[in-house]
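Enquirer: Sequence below, structure please.
(one chain, ligands or ions: 1)
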Amino acid sequence: MICTNCGTQFEDGAFCPNCGTPAAAPAPAPAPAPQAAPQYNYAPQPQAVYSAAPGAATGNPEEEKSCLITGILAAAFSCTFFLSFLGIVFGPMGLSKAKNYLNTYGTYPVKVRIGKYLSIGGLAMGIFMTVYFAIYLIAILAGIASNIR
Ligand SMILES: [Zn+2]
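Expert: Here you go, the predicted model:
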């Protein structure tokens, strides 16, 4: 370092060997650059989109299958005579699943679509067959009643 008094250059030490002037305190280390205050970003973070955005979701094969099977059950039961009321049970269920699927994934895959149509058919057929079955029962009961009389 260089003495601040006489200008003698000397090795680092407490005092100048020439004049005895205390060595200048080493320049303080530059203050650390002020830390940037933590930035709190209040800007809304992009949220994962679960709403119906076409192409945003990939869909759910399990739910597609569930919707299709429910539609098949609705249609199949509605065509039976004694269990046609199950078409009225599974039909709205399949329609609800198809609607939920569309709301959730924004898509109408073929399985969901078929499940929906089968559910509509199952519901309509279920109502028709149940009414038919009810009339049939009433007719039988009326026949029994008239025979008894
Ligand atoms: Zn000196």
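Enquirer: Endpoints of stretch 105-113, how far apart?
Expert: One end of stretch 105-113 sits 13 Å from the other (C-alpha to C-alpha, to the nearest Å).
Enquirer: For this protein, give me the ranges with low pLDDT.
Expert: 24-57, 149 (pLDDT under 70).
Enquirer: Next, please give the residue ranges for the helices of it.
Expert: 61-78, 85-105, 110-148 (DSSP state H).
Enquirer: Asp12 is nearest to which of those helices?
Expert: Of all the helices of the chain, it is helix 85-105 that lies closest to Asp12, at 73.2 Å by C-beta to C-beta. All C-beta spots, glycine's among them, are computed from the backbone N, C-alpha and C.
Enquirer: Next, format the helices of the chain as TSV and append distance to the ion and mean neighbour count.
Expert: Output for the helices of the chain, formatted as TSV (distance: least, C-beta to the ion, whole Å; neighbours: other C-beta atoms under 10 Å):
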stretch	distance to the ion	mean neighbour count
helix 61-78	87	21
helix 85-105	84	20
helix 110-148	92	16
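Enquirer: Reformat those helices as a markdown table; add distance to Glu11.
Expert: Shown next, in a markdown table, are the helices of the chain (distance: least, C-beta to C-beta, whole Å):
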| stretch | distance to Glu11 |
| --- | --- |
| helix 61-78 | 79 |
| helix 85-105 | 77 |
| helix 110-148 | 86 |
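Enquirer: If anything else comes up later, I'll come back, but that's it for now.
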